[in-house]
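Colleague: could you work out the structure for the sequence below:
(chains A and B)
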Amino acid sequence: MEQLAYQYQTSQPISKRVHVGVVGSGDLEILMFPTDKSESTVKVRTGSDGFDKVWGNVLTRFFDRYPISADIVINDFGATPGVVYLRLTQAMEELADEK
Amino acid sequence: MEKPQRNWDTKRVQKAQRLAKISNLMTGKYVETNQIITVLEALIAPGDKVVLEGDNQKQASFLSQSLNLVNPKKVNHLHMIMSSISRPEHLDIFERKIASKIDFSYAGAQSVRVSQMIEDGKMKLGDIHTYLELYGRLFIDLIPNVVLVAADKADKAGNLYTGFNTEETPTIVEAAAFKDGIVIVQVNEVVDELPRIDIPAGWVDVVVPADKPYELEALFTRDPQNITELQILMAMMAIKGIYAEHGVQSLNHGIGFNTAAIELLLPTYGASLGLKGKIARNWVLNPHPTIIPAIESGWVESIHSFGGEVGMEKYIAARPDIFFVGQDGTMRSNRVLGQIAGQYAVDMFIGSTLQLDYDGNSSTVTRGRLSGFGGAPNMGHNPGGRRHSTPAWQSLRDQDNALGKGQKLVVQMVETYGANKKPIFVENLDALAVQKQAGLANAPVMIYSEDTTHIVTEEGIAYLYKATSKAQRQAAIAAIGGVTPLGMTSTKESLDQLRHAGIVKLPEDLGIKRSDAKRSLLAAQTIDDLVEWSDGLYEPPMKFRTWS
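Modeller: Okay, here's the model as predicted:
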C-alpha cells in the first residue's frame, strides 16, 4: 500500500461533490470536493506500489485538458492508467450534467 | 534442336516404390493404428518436405506424436511446413533431429521455445508466412513430398469427411495429391457411409484410424463476463466513429475482448443509433459465440468461417441462412477461401495487437517470443489491385485524383497500457530485436503503418488516413496515446488542432458519454446469456461453464 500526493495550479472551480467508480479489483473510486483555492490537491491510496511517475503523468495530462480546482481523493485497486483516466473524465461528465 | 533425354515421371515412380514397401501392411487404403511408425519410416525419406497439419483449431495429433517416434537414423533432415506450431512434439522432432528446417505461419503457445531453438541452431527457419503465402507456396516452391492430415471420418474406400473443421485440409491434400506427393490421413472414425464427402478417396493414399480423436481447441470463445467498461467505451466509439461513419457493411473481427464487446453492443447500442441493416451485415468470421445475439436479433446476413469453434456445431446447423452449411447439416469451413475473402472482399478488418510503434506499425512478436501472425497480415492490409464500389471503400478515396483508389479500412483497437501495465506504444518494436536474434530476412511486423487507417484507444480515435504527413500521423497517435511516453509528448494545442481537422475524435466529439459505457449495455453478460440467446443450441465447452 502506497500513499501519493500531488498538487496542480488550476482555474476552474467545481460546484458540487462527485463520486465515481467502484472499489474492486482493477478499478478505483474517485471523490472530488469543491475548494476555494485556485489549485487542486490529489491524494492517491494505491495497492500497486512503484507507479508514482505514471500517476503523475495521468494527473498532469488530466489537469492539462481539464484545469478544475478540487480536493480529490483516489482509492485505487490496481486500475490501469486507461481506467484511471476513464474515471476522471466520467467525473467531468457528472460535473457537466449539473450545469 | 536436340532434346536431352529424361524421364518425366520420376516423382510418380518414386511414390509407387515407397508405397510398394508397405503393400503388405495395407488393406485397401487402410493401415492398422499400431503400424503407423513403420509406415511413416517407409514412406518418408530424409530431406523430404513434409506438411504436418496443425491449424488454429484442429491438430493431426496422432500423426505428430507418431512422427516423433520414428527412428532418426531412417527419417531425418525433414523440412517441415506447418501453418501452426501448437504442440510440444512439433518441436520435439527437431530436438530428436528428425526435422531440421521449418516454414510456418503461427506459433502461439510454443512461441518462446521456437525463438530459443532458432537461437540455439536446433531449427533452421525458412520464412514466417502469412497463411495465404504459406498455402500459395505449397503449389510453387514448397511442394510437399508427404502430407500428414486429420479427418473426422473416412469410409471403407478412403473418402473423407472433415465437416465443421475442414479448415485447410483440402488445400494441403491437393498440393500433394496432384504432384505425386503422399497423402496420409488420421481419422477419428471409420463408417460405412459418410454424411458428405469433403475430400475424395482418389486424393488419399493411406488412412489410419487414430488412437483417439484429434486435438481440438476452442480458440475463439470469449466469456462476456470478462469484458470491461473500457472495452465497452472503445466499442461504442468504434461503432459510431468507424462502422457508422464509413458505412462498413462487410468485415472481419479479429480475436479478443475488444471485438467481442462490439459484437455484443450491436443489438443494443448499435440498434439505439438506428444502424441495424446499415452496417456489419456480411462477415468472414470464425464462429465467435459472442456474435449469437447479433445474429438472433437480425443484424447478420451471412458469415463465412475459416474454421469451426467447439460448441457452436448445433447452433450453426440450425442457422443455414447465415452460415455455409452442407446438405448433411454441418458447416463447411475453409481457411484458404476465408483468408482470400478477408483480404480481398471485405470493407474492414479490425483487431488488436501487443505493440504499436510511433508510426503505427504493429506486431504481436515481443522479446523472446517468435509467435508469427497467422491471418492478421492478410486481412490487415490493403491489396493494391482491388477495386470496390462499396461506400466504405469509396470513403477513403482521394477525390482530387481521377484515378484515385479507395482503401480497405484496417483498424487497430488497443488500450494504451496492457494488463501488464506496460505501454502499448513503443519507440521501436521488439520485432526488430527478434529479427536480429533469429536472423530473419524481414522484421516480423504484423500490420504495416501504411495499411493502418484507424487506431482506437480508450481516449479516442485517430483517423490516420487523413493525416497529410508522417509528423501529423505520429501526433495523431500521440494524442490518443494516454500517458505512455508517446502520449506524454502530445500537448493540448496539438490535440485541439487535430480535433479541429477531424483527424482525432474524442468521445465527446462523437456524442458519446463515457458514463454510458456500462456492462449492462452488453446484449449478453455471461456465457449462460449466450446459451439462452441461442435457444439452448450453443453448447459451451466445460471450461466456460458455470456451476451455479
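Colleague: now chain A against chain B: closest residue?
Modeller: residue A:57 (3.8 Å; Cβ to the nearest Cβ). In short, each C-beta sits where N, CA and C put it, glycine included.
Colleague: doesn't residue B:486 make contact with that residue?
Modeller: No. Residue A:57 is beyond contact range of residue B:486, at 11.6 Å (criterion: Cβ atoms under 8 Å).
Colleague: ok, those two, which is more surrounded?
Modeller: Neighbours were counted for residue A:57 and for residue B:486 using other Cβ atoms under 10 Å in any protein chain shown; residue B:486 has more, 23 against 18.
Colleague: I'd say that one and residue B:417 touch.
Modeller: No. If you go by Cβ under 8 Å, residue B:486 and residue B:417 don't touch, sitting 11.9 Å apart.
Colleague: tell me the secondary structure at the residue nearest to residue B:538 when sequence neighbours are not counted.
Modeller: Excluding the flanking residues, the one nearest residue B:538 by Cβ to Cβ, 6 or more residues apart in numbering or on different chains is residue B:315, at 4.7 Å. Each residue gets one of three states, and residue B:315 gets helix by DSSP: H, G, I helix; E, B strand; the rest coil.
Colleague: I'd say residue B:315 and residue B:533 touch.
Modeller: No. The pair residue B:315 / residue B:533 is not scored as a contact, 9.6 Å apart, by Cβ under 8 Å.
Colleague: shared neighbours, those two?
Modeller: Common contact partners of residue B:315 and residue B:533 (Cβ atoms under 8 Å, 6 or more residues apart in numbering or on different chains): residue B:292.
Colleague: pick out whichever of those two has more residues nearby.
Modeller: residue B:315 (26 against 22).
Colleague: would you mind measuring from that one to residue B:534?
Modeller: 5 Å (Cβ to Cβ, to the nearest Å).
Colleague: which residues do those two both contact?
Modeller: Common contacts of residue B:315 and residue B:534 (Cβ under 8 Å, 6+ apart): residue B:292.
Colleague: about what we covered before: now the nearest residue to the residue of chain A closest to chain B once chain neighbours are set aside. Its backbone dihedrals?
Modeller: Leaving aside its chain neighbours, residue A:57 sits nearest to residue B:483 (3.8 Å; criterion: Cβ to Cβ, 6+ apart). Backbone torsions for residue B:483, taken as degrees, to the nearest 10, come to phi -100, psi 20.
Colleague: show me what from chain A comes close to chain B.
Modeller: A:20, A:26, A:48, A:51, A:54, A:57-58, A:61, A:64-65, A:80-83, A:85-86, A:89-90, A:93-94 (Cβ under 8 Å from any Cβ of the partner chain).
Colleague: in strands, which of the residues you listed appear?
Modeller: Taking DSSP state E as the definition of strands, the residues of chain A next to chain B contribute residue A:20.
Colleague: show me where chain A has its helices.
Modeller: For chain A, applying DSSP state H gives helices covering A:52-65, A:81-98.
Colleague: tell me the secondary structure for residue B:410?
Modeller: Per three-state DSSP, residue B:410 ends up strand.
Colleague: that one reaches residue B:349, doesn't it?
Modeller: Yes. Here residue B:410 reaches residue B:349: they are 5.3 Å apart, a contact under Cβ under 8 Å.
Colleague: look at residue B:398 and say how many residues are nearby.
Modeller: Residue B:398, neighbours per other Cβ under 10 Å, totals 12.
Colleague: ok, residue B:250 - contacts?
Modeller: B:281, B:282, B:283, B:284, B:345, B:346, B:347, B:348, B:390.
Colleague: again, 7 Å this time
Modeller: With contact set as Cβ atoms under 7 Å, 6 or more residues apart in numbering or on different chains, residue B:250 has these partners: B:282, B:345, B:346, B:347.
Colleague: in the sheet, who's paired with it?
Modeller: residue B:282 (DSSP bridges).
Colleague: how far off centre is stretch B:4-22?
Modeller: 37 Å (Cα atoms, centre = their mean, to the nearest Å).
Colleague: end to end, how far does that stretch reach?
Modeller: End-to-end distance for stretch B:4-22: 35 Å, by Cα to Cα, to the nearest Å.
Colleague: how close does the residue of the stretch 351-500 of chain B found nearest chain A get to residue A:58?
Modeller: Per Cβ to the nearest Cβ, residue B:483 is where the stretch 351-500 of chain B lies closest to chain A, at 3.8 Å. Remark: distance between residue B:483 and residue A:58 (Cβ to Cβ) = 5 Å.
Colleague: show me which residues of chain B are close to chain A?
Modeller: Contact residues, chain B versus chain A (Cβ under 7 Å from any Cβ of the partner chain): B:229-230, B:233, B:415-417, B:421, B:458-459, B:482-483, B:488, B:492, B:513-515.
Colleague: buried ones among these?
Modeller: B:229, B:230, B:233, B:415, B:416, B:417, B:458, B:459, B:482, B:483, B:514, B:515 (16 or more other Cβ atoms under 10 Å in any protein chain shown).
Colleague: spell out the secondary structure type for the residue nearest to the second one when sequence neighbours are not counted.
Modeller: On the basis of Cβ to Cβ, 6+ apart, the spatially nearest residue to residue B:230 that is not a chain neighbour turns out to be residue B:458, at 4.9 Å. Local secondary structure at residue B:458 is given as coil here, using three-state DSSP.
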